[in-house]
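In: kindly generate the corresponding structure for this input.
(chains A and B)
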2 protein chains.
Amino acid sequence: MTGSSSSVLGATNRTRLTRMPKRGVFDREALYRMLDEGFVCHVAFVVDGQPYAIPTGYARVGDFIYLHGSAASRMLRSLSAGVPVCVTVTLVDGLVLARSAFHHSVNYRSVVILGQARLVTDPEEKTSALRAFTNHIVRDRWDELRPVTPQELAGTSVLVLPIEEASAKVRTGPPVDDEEDLAWPAWAGVVPLALQVGVPLPDSHVPAGVPPPDPSRVARKSRTEDQTSEL
Amino acid sequence: MTGSSSSVLGATNRTRLTRMPKRGVFDREALYRMLDEGFVCHVAFVVDGQPYAIPTGYARVGDFIYLHGSAASRMLRSLSAGVPVCVTVTLVDGLVLARSAFHHSVNYRSVVILGQARLVTDPEEKTSALRAFTNHIVRDRWDELRPVTPQELAGTSVLVLPIEEASAKVRTGPPVDDEEDLAWPAWAGVVPLALQVGVPLPDSHVPAGVPPPDPSRVARKSRTEDQTSEL
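Out: Sure thing, here's the model as predicted:
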């Protein structure tokens, strides 16, 4: 948490959950933990009346979310003073198998941020964003790398969005079957899903004996930790 | 593959990849394998000029993609003859660690489908969609469940979108570092990521001895299989 921003995000007409208000999360710290756990976000924007949802890398720095402009080139083309965007990060935690099709569900956590994206032009802010992108993927990775050149900085498009109008939705726990279905002879419960970090594969130029980053630098907080203060 | 649809999706001005054309995939079969592998899609739509990207369940049936309307309630409110939507399915396969921040990347496969969504009102088509949603999560699950009631059918909103204007993007393989960086003393390569299916957790009403669905009914095709005809 940085600066003087409120730790609770007030629900607006656009972020208020009309359908399942009990699943809403407006606590800044809980939202930020979800944002920090994901690897890829989906950016929604409009070109000529057609909405697009495009996956791209991101990183949170304080109360701002930075986006790789590369994947949002269509958006960049129409970007001038700022375009309305939606940034969504979704973490899938499990499949919820009920005794009826109707009550099947998915356990997930998702954050939706609405606002106007701004193109980052200041080289210092851009460098900070690149550092954040890199360290978001692997903790402390930036310091191991060949320093960024001015040409690379110029060739990178970065967008920033303040985290002001935002909300999260969370579904956890077992299926909620109708009382009269509880004796139905089908297995019911949750099949957990989690993004698993595999064994690192060095490229052909890594000298023998150079170890890969420790898995703990890539691993995210466990789901259990994340849930403690959410519900 | 069903019916007479083309096995190659022609690139339109909206789906043509302007930035990295070599990453484009327009082969229907390859696209469908990606769609069938994911669990959650992101639906982009516009309300009052504001784009939204909302995660929701889906299933492919032939050359159509069906969406759970529940998560798209904002869209449903403004839905009459059809609204322009974008459905995106993204599979994250690995983190690409280069020797420079600039060349860091993510290995992923993503499918983007553009078009007009239509609300499904026919009870038979709606039932088929519910069956597809359920069996998309766990193979052959539908037949084990308490049958759907007319009330449940009425209470479920389903959208459908033909898979006509669609494309996929795929990044695979090791980092692509600049020649002069190859001797830089940092580990470089790929850290694989995969959605792992955990041990099923029965709810408190499952009688002792009732086994959970076999993991093979949830597991997706391996990445290796998926890649063979894509690149």
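In: need the CA coordinates for stretch A:117-132. CSV is fine.
Out: Extracted in CSV, the C-alpha atoms of stretch A:117-132 (Å, rounded to 0.1, in the frame of the first residue of the first chain):
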residue,chain,number,x,y,z
ALA,A,117,-5.1,4.3,-20.1
ARG,A,118,-2.2,6.8,-20.6
LEU,A,119,0.8,6.2,-22.8
VAL,A,120,4.0,6.4,-20.7
THR,A,121,6.5,8.7,-22.4
ASP,A,122,8.9,9.6,-19.6
PRO,A,123,12.0,7.4,-19.9
GLU,A,124,12.4,7.1,-16.2
GLU,A,125,8.8,5.9,-15.7
LYS,A,126,9.2,3.6,-18.7
THR,A,127,12.3,2.1,-17.2
SER,A,128,10.6,1.6,-13.9
ALA,A,129,7.7,-0.2,-15.8
LEU,A,130,10.1,-2.5,-17.6
ARG,A,131,11.8,-3.3,-14.3
ALA,A,132,8.4,-4.1,-12.8
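In: the helix or strand containing A:Ala30 - contacts with which helices or strands?
Out: For A:Ala30, the element it lies in under DSSP states H and E is helix A:28-37. Judged by 3 or more CB pairs under 8 Å, 6 or more residues apart in numbering or on different chains; DSSP states H and E, helix A:28-37 is in contact with strand A:50-61, strand A:83-97, strand A:105-119, strand A:165-171, helix A:223-227. No exception for glycine: its C-beta is placed from N, CA and C like everyone else's.
In: can you list the ones you listed in TSV and add mean pLDDT?
Out: Formatted as TSV, these follow (pLDDT from 0 to 100):
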stretch	mean pLDDT
strand A:50-61	94
strand A:83-97	95
strand A:105-119	94
strand A:165-171	93
helix A:223-227	41
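In: out of those, which gets nearest to B:Ser105?
Out: Closest approach to B:Ser105 among these (CB to CB): strand A:50-61, 8.1 Å.
In: C-terminal to that closest one, which secondary structure element comes first?
Out: strand A:64-68.
In: related to what we said a few turns ago, buried residues of the helix holding A:Ala30, list them for me.
Out: Residues A:28, A:30-35, A:37 are the ones in helix A:28-37 that count as buried (16 or more other CB atoms under 10 Å in any protein chain shown).
In: quick one: A:Arg139 is in a strand?
Out: No. The assignment for A:Arg139, made by DSSP: H, G, I helix; E, B strand; the rest coil, is coil rather than a strand.
In: can you give me the pLDDT of it?
Out: We have a pLDDT of 95 for A:Arg139.
In: where does chain A have low pLDDT?
Out: Within chain A, the segments meeting pLDDT under 70 span A:1-11, A:13, A:15-26, A:69-81, A:221-231.
In: can you pull up the most central residue in it?
Out: In chain A, the C-alpha nearest the mean C-alpha coordinate belongs to A:Val89, at 3.1 Å (CA atoms, centre = their mean).
In: what's the distance between the residue nearest to that residue when sequence neighbours are not counted and A:Arg146?
Out: The shortest distance from A:Val89 to any non-neighbouring residue, by CB to CB, 6 or more residues apart in numbering or on different chains, is to A:Gly38 (4.1 Å). Distance, A:Gly38 to A:Arg146, using CB to CB, to the nearest Å: 27 Å.
In: excluding chain neighbours, what is closest to A:Ala98?
Out: Distances taken as CB to CB, 6+ apart put A:Pro175 closest to A:Ala98, at 3.6 Å, once the chain neighbours are dropped.
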